[in-house]
Each structure stands twice: as C-alpha cells, then as structure tokens.
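Q: what follows is a protein structure lacking sequence information:
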C-alpha cells in the first residue's frame with residue numbers, strides 16, 4: 001500500500017492545523033506589537049514632540065534588554081513551548097502603553113523606563129515564538145508567505161490602531177494622543193491573551209495529510225542552551241549578523257522624523273499610510289518567495305533579494321534628496337507640516353516608500369535563514385538569534401537618535417549598512433540554499449506529497465502514537481518470510497461488520513483473518529523459530545497499519561530502520 005493510496009485529508013478548521021496556529025500568532029502580533037507600532041509611529045511614543053527624549057531613553061532600554069531576552073528566548077521556547085512563551089510575551093505590551101499614558105498625564109520618566117525594560121524582556125519571547133512558528137510550522141514551499149502573513153497581522157494591528165487614533169485626533173487641537181486611545185489599546189492587548197492560550201504544543205500539530213512536524217524530544221534547559229550556542233559556530237549564521245542587525249535600524253529615524261516634521265493629525269495619517277503600504281508589498285514578496293513556477297528556492301531567494309535591493313536603495317536615495325532640500329535643524333522646533341500643505345505630497349510618497357522596507361527586508365532575511373534547516377529546535381534558536389541582533393541594531397539606532405544627530409547623517413549611515421547586506425544575502429543564498437532539506441534531517445517528518453516527489457521511504461512519516469516498535473531486530477532470523485498485506489488487523493474485527501466496508505473489503509478482511517489464524521496454529525505447534533518470526537510479523541503488520549495515520553510518537557529515525565532491515569516496505573509488499 002503506497003503513500004498516495006494511504007494519504008488522508010484532515011479538515012482545515014482544526015486547532016492542531018499548523019496554519020491555524022500561525023494565524024493565531026498573527027492575531028497576537030496584531031493586538032500587541034501592532035498597537036505598539038501605532039503609538040510609536042504617532043511620534044515620540046505618545047504624540048508630544050517634546051517627549052522625544054523620553055521615547056529614545058525608553059525605547060533604547062527596551063531594545064537593549066530585548067537583545068539578551070531574545071537570545072535566551074529560544075531556550076525558553078524549547079523548554080516551555082509556544083503557548084506559555086507567547087502568553088508571557090504579551091504581558092509587556094499593555095504595561096508599556098500604560099506607561100505612555102502615565103507620562104502624558106504626569107510627565108514622570110521612571111515608569112516609561114521601567115516599562116521599556118519589562119517589554120524588552122517580554123518582546124524577546126513573543127517575537128522569537130512568532131519567528132519559530134512561521135519557519136518551523138511551514139513547509140519549505142510556504143515559508144515566505146507564512147512570515148508575510150504574520151507581518152501582515154502585525155501591520156494590520158498598527159493600521160487599525162492608527163485609524164482609531166486618526167479618528168479621535170483629526171480635529172483635536174491637542175499635541176498629544178487622547179487618553180481614550182491608550183484605554184482602547186490596553187483593553188485589546190489584555191484580551192489578546194485568549195489567542196495565545198489556544199496555541200498548542202508543537203508535537204500535537206498535524207499537517208493536512210496527517211503527518212506530524214518532527215520528532216520532538218524533551219530538552220533540558222542546558223540542552224537548549226547548547227543548541228543556541230551551536231549557532232555561534234555556524235559560519236552561515238555568523239555571516240548573516242549584519243543583515244539581522246540592520247533590518248530595523250531605520251525605524252527610530254522614521255519615528256523621530258515623523259514627530260519632528262509633522263503635526264499630530266498628519267503624524268497619525270502617516271502612521272496609517274505607513275502600515276497600509278506594507279501589507280500588499282510584504283504579501284507580494286511572500287508570494288514571490290514561494291512561487292515554485294519561478295524556479296528553485298535558491299532562485300526565488302535571488303529574486304526576493306533583488307526586489308529588496310532595488311526598492312530600499314531607491315527609498316534611501318529619495319529620502320536623502322528630501323532631507324537635503326529641508327536641512328532640518330533639530331535644535332529648533334520642526335515645521336509641523338500639515339496634510340493640507342503643498343509640501344506634504346512629496347514628503348508622504350517618500351515616507352511610504354521608506355516605510356515599505358520594514359516588512360520586506362525582514363521577510364527576506366528570515367526566508368534565507370529558514371531555508372538552512374527544517375529542524376524545529378534549531379529554528380527556535382535561530383529565531384531568537386535573529387530577533388536578538390535585530391534588537392541590537394534598533395537599540396543602537398535609538399541611542400544615536402537620542403544624541404540629536406542630524407537626520408542626514410543617520411540616514412546616510414543606515415543607507416551604507418543596508419547596502420552591505422545585499423552581497424551577503426546573495427552569497428548565502430548561492431552557497432547555502434539547497435533544493436530541499438527534507439532528505440537531510442532524519443527527525444523532520446516529511447509531508448506525504450514531498451515524500452512522493454523525492455521518492456523517500458514511507459517510514460519518514462512516523463508511527464502511530466502509543467504503538468510500541470519491536471525491541472529486537474530480525475537480523476537473527478535464519479530465513480525470510482513472504483510479506484503479508486496489512487489490511488485491517490484482527491484487533492479491529494468488530495469494524496468489519498459495519499456498513500463502512502464494501503464487499504471486496506469484507507472478503508479481503510476475512511482472508512487476512514484466515515492467514516492470522518493459520519499463523520497462530522503454527523505458533524501453537526511449538527516451532528520456536530517460526531514462533532519468533534510470526535511474532536515479528538504481527539508487530540510489523542500493526543506498525544504498517546498505524547503508519548497510515550502518520551502520527552509520530554517515537555524518536556526512531558530512518559537510519560534506525562535501514563540499519564535493522566526492518567523497513568515498512570517489508571510488510572507492505
């Protein structure tokens with residue numbers, strides 16, 4: 001019985017569908033980092049142009065802690081699982097929004113600094129979990145799109161938040177965000193813990209064909225730390241550090257310019273447009289990376305990198321020209337450009353082009369990293385590694401902006417760093433991205449359709465949970481026995497009388513019962529060698545039947561079966 005004939009089709013709407021789990025993670029991003037972005041992009045973390053110092057100190061603290069929490073988050077994730085890691089990650093966001101509210105009302109700096117440090121601790125766990133789920137849960141053909149879906153959730157939250165703020169502040173004469181905006185955001189973020197509570201342990205997930213994702217063995221904290229440490233010995237990962245470091249450095253500059261150059265309602269409108277432009281562009285790059293008609297994974301990575309390089313380089317050039325035309329002096333108040341001013345038209349186009357790099361840059365970097373392996377434990381560590389260096393770059397950027405450097409200098413520095421990333425990404429894609437990793441990692445469970453395409457052995461799908469594998473190999477057997485077709489084993493005989501089975505199946509079932517009865521009579525005859533052989537064959541038949549469900553329960557690998565000559569094909573014929 002081959003893989004195609006034994007394939008199943010599980011329903012889409014089920015909690016243990018990896019895609020549904022990815023959507024839940026996107027919902028968590030919608031409610032938490034999304035609303036954080038909405039507040040941040042209003043300017044200075046709350047809307048007052050005079051609170052730039054507070055925002056830079058608070059965010060610098062946030063991202064400084066973020067660096068270390070993200071690096072350790074892979075260990076936390078491998079130990080606690082996605083549900084509890086994500087739930088802890090969520091708790092930092094309402095605290096941070098509350099600190100912005102407090103600062104607007106009281107003007108004291110201590111709470112935003114504390115909230116920034118706490119959010120840095122939490123955000124490392126949340127973003128590492130999200131990066132892990134988009135890379136480890138997706139098949140190789142879907143990794144670009146799944147990350148794009150997550151980012152779209154994040155940006156959609158920011159867009160909705162910006163829409164709420166825009167509606168409230170459009171005709172407001174105040175320079176700060178109304179308190180009602182903070183209240184709405186905090187309520188949404190607290191409620192989002194319900195989405196995180198629906199996340200399942202990774203070993204309970206099943207693809208649509210019934211296969212599990214991988215062999216998930218319990219890891220101690222020390223074992224998880226060793227996986228994280230191994231990344232610092234992998235040259236493929238180390239060479240990607242500049243790309244991870246640079247991918248978000250532009251964000252503090254953009255938020256600072258928005259606060260300085262525009263009035264409140266225009267800043268709010270800019271925040272909304274910033275997010276809206278990212279949705280189609282990020283999804284478009286996700287589809288580009290996963291469109292198999294365009295060629296191999298390596299070639300699609302080249303296309304994605306090229307798109308990013310052209311778009312982002314053009315945005316930096318345009319912004320360089322715009323900044324040169326204004327010659328902003330940060331020692332005096334900004335021009336407070338309004339959306340009805342003539343100067344706004346060109347400024348908003350450049351602002352949107354510049355903003356679009358947020359999602360596409362990170363998506364391509366994560367796609368290249370995720371193409372190096374399908375092993376979930378390693379991907380968890382890699383997600384933390386990526387987020388850690390991403391946060392380090394952003395922390396440095398907030399620190400630089402806190403010194404009130406000219407915007408032209410900041411823009412030029414980030415332009416140069418970003419340009420360095422393109423040859424690195426091209427090199428890693430050329431040297432390291434293979435057609436597939438499914439045939440190289442024994443503990444990764446291969447999807448049924450991929451196994452057929454690659455002609456991999458059926459045992460890669462794994463046996464039924466709870467069915468014990470034979471403890472001894474049949475190498476000691478002195479003779480081989482003709483294989484028995486594993487139809488329904490006798491232990492399922494009561495099912496044969498139901499209307500589920502057609503007449504041919506009944507006849508085949510009856511024949512199998514007769515065979516097993518004959519074998520049992522031979523066993524009772526007392527032939528020791530035959531008794532041993534028949535015991536192995538019965539266990540093999542149970543295993544072959546269980547394998548039709550393709551649900552992993554043991555850590556045995558393909559190599560184990562080949563070494564013991566105990567392949568599933570021995571009983572399937």
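A: Cool, the structure landed. All values derive from a computational prediction rather than experimental measurement.
Q: any idea how far apart the tips of stretch 10-23 sit?
A: Its first and final residues considered, stretch 10-23 spans 18 Å by Cα to Cα, to the nearest Å.
Q: contacts for that stretch, please.
A: 82, 133-134, 137-138, 146, 149-150, 153, 198-200, 204-210, 213 (Cβ atoms under 8 Å, 6 or more residues apart in numbering). For glycine as for every other residue, the C-beta is placed from the backbone atoms N, C-alpha and C.
Q: go again using 10 Å as the cut-off
A: Applying Cβ atoms under 10 Å, 6 or more residues apart in numbering, the contact partners of stretch 10-23 are 24, 82-83, 130, 133-134, 136-139, 142, 145-147, 149-150, 153, 195, 198-202, 204-213.
Q: out of those, which are buried?
A: 24, 82-83, 130, 133-134, 136-139, 142, 145-147, 149-150, 153, 195, 199-200, 202, 205-213 (16 or more other Cβ atoms under 10 Å).
Q: in helices, which of the contacts of stretch 10-23 fall?
A: By the criterion of DSSP state H, membership of these in helices covers 24, 82-83, 130, 133-134, 136, 145-147, 149-150, 153, 195.
Q: among the residues you listed, which two are most distant?
A: With Cβ to Cβ as the measure, no two of the ones in helices among the contacts of stretch 10-23 lie farther apart than 83 and 145, at 23.8 Å.
Q: quick one: the most centrally placed residue in the chain and residue 326, what's the gap?
A: Centroid-nearest residue in the chain: residue 134, 2.4 Å away (criterion: Cα atoms, centre = their mean). Taking Cβ to Cβ, to the nearest Å as the measure, residue 134 falls 39 Å from residue 326.
Q: and residue 98, by the same measure?
A: Distance from residue 98 to residue 326, by Cβ to Cβ: 35 Å.
Q: do residue 380 as well
A: Noted for residue 380: a distance of 45 Å to residue 326, by Cβ to Cβ.
Q: between those two, which one's more packed in?
A: residue 380 (30 against 16; other Cβ atoms under 10 Å).
Q: quick one: low-confidence parts of the stretch 401-550 of the chain?
A: The stretch 401-550 of the chain contains residues with pLDDT under 70 at 457-550.
Q: average pLDDT for stretch 223-231, rounded please.
A: Taken as a whole, stretch 223-231 has a mean pLDDT of 89.
Q: repeat that for stretch 235-247.
A: 96.
Q: list the buried residues in that stretch.
A: 236-237, 240-247.
Q: export the residues you listed as a markdown table, with columns for distance to residue 347 and secondary structure.
A: As requested, the buried residues of stretch 235-247 are exported to a markdown table (distance: Cβ to Cβ, whole Å; DSSP: H, G, I helix; E, B strand; the rest coil):
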| residue | distance to residue 347 | secondary structure |
| --- | --- | --- |
| 236 | 41 | helix |
| 237 | 39 | helix |
| 240 | 34 | coil |
| 241 | 34 | helix |
| 242 | 30 | helix |
| 243 | 29 | helix |
| 244 | 30 | helix |
| 245 | 28 | helix |
| 246 | 24 | helix |
| 247 | 24 | coil |
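Q: of those, just say which sits nearest to residue 407.
A: The nearest member of these to residue 407, counting by Cβ to Cβ, is residue 246 at 17.8 Å.
Q: grab the nearest non-local neighbour of the closest one.
A: residue 417 (4.6 Å; Cβ to Cβ, 6 or more residues apart in numbering).
Q: who are the packing partners of the helix or strand harbouring that neighbour?
A: For residue 417, the host element (DSSP states H and E) is helix 407-432. With contacts taken as 3 or more Cβ pairs under 10 Å, 6 or more residues apart in numbering; DSSP states H and E, helix 407-432 sits against helix 235-238, helix 241-246, helix 250-261, helix 297-326, helix 357-370, helix 376-402.
Q: quick one: closest of the ones you listed to residue 76.
A: Comparing the helices and strands packed on helix 407-432 by Cβ to Cβ, helix 376-402 comes nearest, at 8.5 Å.
Q: check contacts around residue 401.
A: So residue 401 contacts 52, 55-56, 59-60, 252-253, 255-257, 330, 407, 410 (Cβ under 10 Å, 6+ apart).
Q: equivalent analysis for residue 329, please.
A: Taking Cβ under 10 Å, 6+ apart as the test, what residue 329 contacts is 406-407.
Q: report pLDDT for it.
A: 90.
Q: from residue 335, how far off is it?
A: Taken as Cβ to Cβ, the span from residue 329 to residue 335 is 11 Å.
Q: what does residue 97 give?
A: Counting by Cβ to Cβ, the gap from residue 97 to residue 335 is 29 Å.
Q: more neighbours: which of those two?
A: residue 97 (28 against 14).
Q: what comes up buried for the helix or strand containing the more buried one?
A: Using DSSP H and E, residue 97 sits in helix 92-106. Across helix 92-106, burial judged by 16+ other Cβ under 10 Å covers 92-104.
Q: then stretch 312-332?
A: Neighbour count says stretch 312-332 has 312, 315-316, 318-319, 322-323, 326 buried, by 16+ other Cβ under 10 Å.
Q: domain map for the protein?
A: Using automatic domain parsing, the domain parsing of the chain gives 15-169+177-204+225-432, 462-572.
Q: make a markdown table out of these and add distance to residue 453.
A: As requested, the domains of the chain are exported to a markdown table (distance: least, Cβ to Cβ, whole Å):
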| stretch | distance to residue 453 |
| --- | --- |
| domain 15-169+177-204+225-432 | 11 |
| domain 462-572 | 16 |
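Q: deepest of those domains, which one?
A: Among the domains of the chain, domain 15-169+177-204+225-432 has the highest mean neighbour count (mean count of other Cβ atoms under 10 Å), at a mean of 21.
Q: quick revisit: of the domains of the chain, which is nearest residue 456?
A: Closest among those, using Cβ to Cβ: domain 462-572, at 8.1 Å.
Q: how near is residue 375 to residue 337?
A: In terms of Cβ to Cβ, residue 375 sits 50 Å off from residue 337.
Q: the residue lying closest to residue 201 once chain neighbours are set aside: what's it in contact with?
A: Among residues not flanking residue 201 along the chain, residue 81 sits closest, at 5.0 Å (Cβ to Cβ, 6+ apart). Shown in contact with residue 81 (Cβ under 10 Å, 6+ apart): 129, 199-204, 216.
Q: still on that earlier bit, next, format the contacts of residue 401 as JSON lines and append distance to residue 367.
A: Listed next are those as JSON lines, based on distance: Cβ to Cβ, whole Å:
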{"residue": "52", "distance to residue 367": "35"}
{"residue": "55", "distance to residue 367": "31"}
{"residue": "56", "distance to residue 367": "32"}
{"residue": "59", "distance to residue 367": "27"}
{"residue": "60", "distance to residue 367": "29"}
{"residue": "252", "distance to residue 367": "25"}
{"residue": "253", "distance to residue 367": "25"}
{"residue": "255", "distance to residue 367": "26"}
{"residue": "256", "distance to residue 367": "29"}
{"residue": "257", "distance to residue 367": "29"}
{"residue": "330", "distance to residue 367": "37"}
{"residue": "407", "distance to residue 367": "31"}
{"residue": "410", "distance to residue 367": "28"}
